[in-house]
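A.B. asks: build me a model from this:
(one chain, ligands or ions: 1)
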Amino acid sequence: MASTSSRSAALPKSRSSHGGASDELLADLVVANHILFDQGIVDGFGHVSVRHDQDPARFLLARNMAPGQVTPDDILEFDLEGAAVKPDGPPVYLERFIHSEIYRARPDAMAIVHSHSHSIVPLSISKTARLRAVFHMAGFIGEEAPLFEIRHTAGPATDLLISNPGLGRALAQCCGSHNIVLMRGHGSTVIGGSLRQAIYRAVYAELNARYQCEAMGLGEVVYLTKEEGEAAVRTVEQQSNRAWNLWKEQAAQRRREA
Ligand SMILES: [Zn+2]
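C.D. replies: Residues are numbered from 1 along each chain as shown. Take a look at the predicted model:
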(Lines give C-alpha, C1' and ligand atoms only; values in the text may rest on other atoms or scores of the structure.)
Protein backbone atom coordinates (compact mmCIF):
# COMPACT_ATOMS: atom_id res chain seq x y z
CA MET A 1 0.00 0.00 0.00
CA ALA A 2 2.83 2.35 0.90
CA SER A 3 4.55 1.81 -2.44
CA THR A 4 1.33 2.47 -4.38
CA SER A 5 0.74 5.79 -2.67
CA SER A 6 4.37 6.92 -2.98
CA ARG A 7 4.43 5.95 -6.65
CA SER A 8 1.32 7.99 -7.50
CA ALA A 9 2.64 10.90 -5.45
CA ALA A 10 5.88 10.83 -7.46
CA LEU A 11 4.24 10.55 -10.88
CA PRO A 12 4.01 14.21 -11.93
CA LYS A 13 7.67 14.79 -11.11
CA SER A 14 8.64 11.47 -12.71
CA ARG A 15 7.04 12.50 -16.01
CA SER A 16 8.75 15.87 -16.19
CA SER A 17 12.20 14.74 -14.97
CA HIS A 18 12.62 11.50 -16.85
CA GLY A 19 10.92 12.02 -20.19
CA GLY A 20 8.66 8.98 -19.86
CA ALA A 21 11.28 6.45 -18.75
CA SER A 22 9.59 3.40 -17.31
CA ASP A 23 8.98 3.11 -13.59
CA GLU A 24 10.89 -0.19 -13.63
CA LEU A 25 14.01 1.45 -15.05
CA LEU A 26 13.85 4.24 -12.52
CA ALA A 27 13.39 1.81 -9.64
CA ASP A 28 16.26 -0.38 -10.87
CA LEU A 29 18.58 2.63 -11.11
CA VAL A 30 17.83 3.53 -7.49
CA VAL A 31 18.50 -0.08 -6.47
CA ALA A 32 21.74 -0.06 -8.51
CA ASN A 33 22.95 2.98 -6.58
CA HIS A 34 22.19 1.25 -3.27
CA ILE A 35 23.84 -2.03 -4.30
CA LEU A 36 27.05 -0.29 -5.38
CA PHE A 37 27.27 1.41 -2.00
CA ASP A 38 26.37 -1.75 -0.08
CA GLN A 39 28.97 -3.77 -2.00
CA GLY A 40 31.67 -1.18 -1.27
CA ILE A 41 32.18 -0.18 -4.91
CA VAL A 42 31.23 3.47 -4.29
CA ASP A 43 31.34 5.59 -1.15
CA GLY A 44 30.38 9.25 -1.10
CA PHE A 45 31.65 9.37 -4.68
CA GLY A 46 31.12 7.43 -7.88
CA HIS A 47 27.96 7.11 -9.98
CA VAL A 48 25.86 4.81 -12.13
CA SER A 49 23.71 5.68 -15.13
CA VAL A 50 21.36 3.82 -17.45
CA ARG A 51 20.37 4.63 -21.02
CA HIS A 52 16.78 5.87 -21.31
CA ASP A 53 14.47 3.04 -22.37
CA GLN A 54 12.31 5.31 -24.59
CA ASP A 55 15.00 7.52 -26.10
CA PRO A 56 18.50 6.15 -26.80
CA ALA A 57 19.88 9.69 -27.06
CA ARG A 58 19.24 10.24 -23.36
CA PHE A 59 20.29 8.65 -20.11
CA LEU A 60 19.32 8.72 -16.44
CA LEU A 61 21.73 9.64 -13.65
CA ALA A 62 21.28 10.89 -10.10
CA ARG A 63 21.86 14.49 -9.12
CA ASN A 64 25.15 15.31 -7.39
CA MET A 65 24.92 13.19 -4.23
CA ALA A 66 26.18 10.02 -2.53
CA PRO A 67 24.81 6.93 -4.34
CA GLY A 68 23.75 5.29 -1.07
CA GLN A 69 21.24 8.09 -0.49
CA VAL A 70 19.64 8.24 -3.95
CA THR A 71 15.81 8.11 -4.17
CA PRO A 72 13.60 8.14 -7.32
CA ASP A 73 13.14 11.90 -6.95
CA ASP A 74 16.91 12.40 -7.28
CA ILE A 75 17.15 10.85 -10.75
CA LEU A 76 17.59 13.31 -13.64
CA GLU A 77 17.46 12.91 -17.41
CA PHE A 78 20.50 13.94 -19.50
CA ASP A 79 21.22 14.32 -23.21
CA LEU A 80 24.37 13.12 -24.95
CA GLU A 81 25.97 16.55 -24.50
CA GLY A 82 25.94 15.79 -20.78
CA ALA A 83 23.33 18.49 -20.14
CA ALA A 84 20.35 17.98 -17.84
CA VAL A 85 17.23 18.00 -20.03
CA LYS A 86 15.22 19.95 -17.49
CA PRO A 87 16.75 23.40 -16.92
CA ASP A 88 17.35 24.97 -13.53
CA GLY A 89 17.60 21.64 -11.77
CA PRO A 90 19.80 20.67 -8.82
CA PRO A 91 23.62 20.45 -9.04
CA VAL A 92 24.85 17.57 -11.22
CA TYR A 93 27.93 15.34 -11.18
CA LEU A 94 31.09 16.99 -12.52
CA GLU A 95 31.99 13.78 -14.33
CA ARG A 96 28.70 13.22 -16.17
CA PHE A 97 30.68 13.46 -19.44
CA ILE A 98 32.03 9.96 -18.77
CA HIS A 99 28.48 8.76 -19.33
CA SER A 100 27.40 11.05 -22.16
CA GLU A 101 30.45 10.39 -24.32
CA ILE A 102 30.49 6.62 -23.80
CA TYR A 103 26.78 6.39 -24.66
CA ARG A 104 27.50 8.41 -27.78
CA ALA A 105 30.48 6.26 -28.82
CA ARG A 106 29.02 2.89 -27.84
CA PRO A 107 25.46 2.13 -29.01
CA ASP A 108 25.73 -1.21 -27.16
CA ALA A 109 26.33 0.53 -23.82
CA MET A 110 23.09 0.42 -21.82
CA ALA A 111 24.52 1.21 -18.38
CA ILE A 112 27.74 2.67 -17.00
CA VAL A 113 29.36 2.58 -13.54
CA HIS A 114 32.14 4.97 -12.60
CA SER A 115 33.93 4.29 -9.31
CA HIS A 116 37.14 4.64 -7.38
CA SER A 117 36.90 1.14 -5.88
CA HIS A 118 39.83 0.29 -3.66
CA SER A 119 41.56 -2.62 -5.39
CA ILE A 120 41.35 -1.10 -8.87
CA VAL A 121 43.29 2.08 -8.08
CA PRO A 122 46.67 0.35 -7.46
CA LEU A 123 46.43 -1.19 -10.93
CA SER A 124 45.79 2.26 -12.38
CA ILE A 125 49.04 3.64 -10.95
CA SER A 126 51.46 0.74 -11.45
CA LYS A 127 53.95 1.46 -14.21
CA THR A 128 54.02 -2.19 -15.26
CA ALA A 129 51.00 -4.18 -13.99
CA ARG A 130 47.67 -3.96 -15.84
CA LEU A 131 44.21 -5.21 -14.85
CA ARG A 132 43.74 -8.61 -16.49
CA ALA A 133 41.07 -11.28 -16.04
CA VAL A 134 42.25 -13.83 -13.46
CA PHE A 135 39.04 -15.75 -12.70
CA HIS A 136 35.91 -16.92 -14.44
CA MET A 137 33.56 -14.34 -12.90
CA ALA A 138 35.50 -11.52 -14.56
CA GLY A 139 36.08 -12.77 -18.10
CA PHE A 140 34.60 -9.48 -19.35
CA ILE A 141 37.88 -7.75 -18.41
CA GLY A 142 39.60 -9.63 -21.21
CA GLU A 143 43.34 -10.04 -21.71
CA GLU A 144 44.16 -6.52 -20.55
CA ALA A 145 41.99 -3.55 -19.61
CA PRO A 146 42.97 -0.25 -21.27
CA LEU A 147 44.38 2.49 -19.05
CA PHE A 148 43.42 6.12 -19.67
CA GLU A 149 46.30 8.54 -19.06
CA ILE A 150 44.70 11.97 -18.80
CA ARG A 151 48.09 13.67 -19.28
CA HIS A 152 48.11 12.54 -22.90
CA THR A 153 44.98 14.62 -23.53
CA ALA A 154 45.17 17.47 -21.04
CA GLY A 155 48.74 17.73 -19.77
CA PRO A 156 50.32 17.28 -16.33
CA ALA A 157 48.27 19.73 -14.23
CA THR A 158 44.64 18.51 -14.26
CA ASP A 159 42.55 17.42 -11.26
CA LEU A 160 42.22 14.03 -13.06
CA LEU A 161 38.44 14.45 -13.36
CA ILE A 162 36.54 13.90 -16.62
CA SER A 163 34.95 17.30 -16.34
CA ASN A 164 34.28 18.27 -19.96
CA PRO A 165 33.07 16.60 -23.19
CA GLY A 166 36.57 16.53 -24.73
CA LEU A 167 37.95 14.50 -21.84
CA GLY A 168 34.89 12.24 -22.01
CA ARG A 169 35.56 11.64 -25.71
CA ALA A 170 39.22 10.84 -25.03
CA LEU A 171 38.19 8.37 -22.32
CA ALA A 172 35.62 6.72 -24.61
CA GLN A 173 38.24 6.46 -27.36
CA CYS A 174 40.72 4.83 -24.96
CA CYS A 175 38.02 2.39 -23.84
CA GLY A 176 37.25 1.42 -27.44
CA SER A 177 35.24 -1.81 -27.51
CA HIS A 178 36.37 -2.93 -24.04
CA ASN A 179 33.95 -3.39 -21.13
CA ILE A 180 36.15 -1.59 -18.62
CA VAL A 181 38.68 1.23 -18.78
CA LEU A 182 40.99 2.18 -15.92
CA MET A 183 41.80 5.82 -15.26
CA ARG A 184 45.27 6.55 -13.95
CA GLY A 185 45.33 7.72 -10.34
CA HIS A 186 41.55 7.81 -10.28
CA GLY A 187 39.51 4.61 -10.73
CA SER A 188 37.59 2.87 -13.48
CA THR A 189 34.54 2.98 -15.71
CA VAL A 190 32.58 -0.18 -16.46
CA ILE A 191 30.10 -0.71 -19.30
CA GLY A 192 27.20 -3.16 -19.41
CA GLY A 193 24.63 -4.21 -21.97
CA SER A 194 22.08 -3.80 -19.16
CA LEU A 195 22.00 -2.17 -15.75
CA ARG A 196 22.27 -5.54 -14.03
CA GLN A 197 25.24 -6.53 -16.14
CA ALA A 198 27.02 -3.24 -15.39
CA ILE A 199 26.52 -3.73 -11.64
CA TYR A 200 27.70 -7.33 -11.86
CA ARG A 201 30.80 -6.21 -13.75
CA ALA A 202 31.61 -3.37 -11.36
CA VAL A 203 31.49 -5.73 -8.38
CA TYR A 204 33.52 -8.47 -10.05
CA ALA A 205 36.08 -6.07 -11.54
CA GLU A 206 36.87 -4.99 -7.99
CA LEU A 207 37.16 -8.62 -6.81
CA ASN A 208 39.32 -9.53 -9.81
CA ALA A 209 41.66 -6.62 -9.03
CA ARG A 210 41.95 -7.75 -5.42
CA TYR A 211 42.71 -11.36 -6.37
CA GLN A 212 45.17 -10.26 -9.03
CA CYS A 213 47.09 -8.01 -6.64
CA GLU A 214 47.13 -10.75 -3.97
CA ALA A 215 48.39 -13.32 -6.49
CA MET A 216 51.04 -10.93 -7.81
CA GLY A 217 52.42 -10.79 -4.27
CA LEU A 218 52.81 -14.58 -4.34
CA GLY A 219 54.79 -14.65 -7.58
CA GLU A 220 53.96 -15.25 -11.22
CA VAL A 221 50.25 -15.15 -12.12
CA VAL A 222 48.24 -17.24 -14.61
CA TYR A 223 45.72 -15.09 -16.49
CA LEU A 224 42.65 -16.11 -18.48
CA THR A 225 43.17 -16.41 -22.20
CA LYS A 226 41.03 -14.25 -24.48
CA GLU A 227 38.98 -17.33 -25.36
CA GLU A 228 38.49 -18.35 -21.73
CA GLY A 229 37.31 -14.85 -20.93
CA GLU A 230 34.82 -14.84 -23.81
CA ALA A 231 33.50 -18.30 -22.93
CA ALA A 232 33.07 -17.29 -19.29
CA VAL A 233 31.12 -14.18 -20.31
CA ARG A 234 28.75 -16.31 -22.40
CA THR A 235 27.87 -18.65 -19.55
CA VAL A 236 28.47 -16.92 -16.21
CA GLU A 237 26.99 -13.54 -17.10
CA GLN A 238 23.73 -15.20 -18.13
CA GLN A 239 23.24 -15.69 -14.41
CA SER A 240 23.89 -12.14 -13.26
CA ASN A 241 20.23 -11.85 -12.14
CA ARG A 242 21.09 -14.22 -9.31
CA ALA A 243 23.67 -11.81 -7.96
CA TRP A 244 21.39 -8.79 -8.51
CA ASN A 245 18.53 -10.36 -6.53
CA LEU A 246 20.80 -11.23 -3.61
CA TRP A 247 22.59 -7.87 -3.58
CA LYS A 248 19.28 -6.01 -3.85
CA GLU A 249 17.85 -7.84 -0.83
CA GLN A 250 21.07 -7.36 1.17
CA ALA A 251 21.20 -3.66 0.43
CA ALA A 252 17.52 -3.21 1.34
CA GLN A 253 17.96 -5.13 4.58
CA ARG A 254 20.96 -3.05 5.63
CA ARG A 255 19.07 0.13 4.80
CA ARG A 256 16.20 -0.99 7.03
CA GLU A 257 18.64 -1.72 9.86
CA ALA A 258 20.54 1.54 9.48
ZN1 LIG B 1 35.77 9.87 -10.55
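A.B. asks: am I right that F140 is in a strand?
C.D. replies: No. Counting by DSSP: H, G, I helix; E, B strand; the rest coil, one finds F140 to be helix, located in no strand.
A.B. asks: please shift the residue numbers so they start at 48 in all later answers.
C.D. replies: That works, and once the first residue is 48, the last one we named lands at F187.
A.B. asks: which outside residues touch the strand or helix carrying L218?
C.D. replies: Taking DSSP states H and E as the definition, one finds L218 inside helix 212-222. Applying Cβ atoms under 8 Å, 6 or more residues apart in numbering, the external contacts of helix 212-222 come out as 128-129, 144-149, 151-153, 193-195, 197, 199-201, 208-209, 228, 230, 236, 238. For glycine as for every other residue, the C-beta is placed from the backbone atoms N, C-alpha and C.
A.B. asks: average pLDDT for that helix?
C.D. replies: For helix 212-222, mean pLDDT is 98.
A.B. asks: now it: buried residues?
C.D. replies: For helix 212-222, the neighbour count (16 or more other Cβ atoms under 10 Å) marks P212, L214, G215, R216, A217, L218, A219, C221, C222 as buried.
A.B. asks: same deal with stretch 252-267?
C.D. replies: Buried, per 16+ other Cβ under 10 Å, within stretch 252-267: A252, E253, L254, N255, A256, R257, Y258, Q259, C260.
A.B. asks: which secondary structure elements does the helix ranked longest in the chain contact?
C.D. replies: Counting residues, the longest helix in the chain under DSSP state H turns out to be helix 242-265. In terms of contacts (3 or more Cβ pairs under 8 Å, 6 or more residues apart in numbering; DSSP states H and E), helix 242-265 is packed against helix 70-85, strand 94-98, strand 158-162, helix 167-172, strand 234-239, helix 287-304.
A.B. asks: mind putting the ones you listed in TSV, mean pLDDT and distance to Y247 included?
C.D. replies: Formatted as TSV, the helices and strands packed on helix 242-265 follow (pLDDT from 0 to 100; distance: least, Cβ to Cβ, whole Å):
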stretch	mean pLDDT	distance to Y247
helix 70-85	97	10
strand 94-98	98	12
strand 158-162	98	10
helix 167-172	98	15
strand 234-239	98	7
helix 287-304	95	4
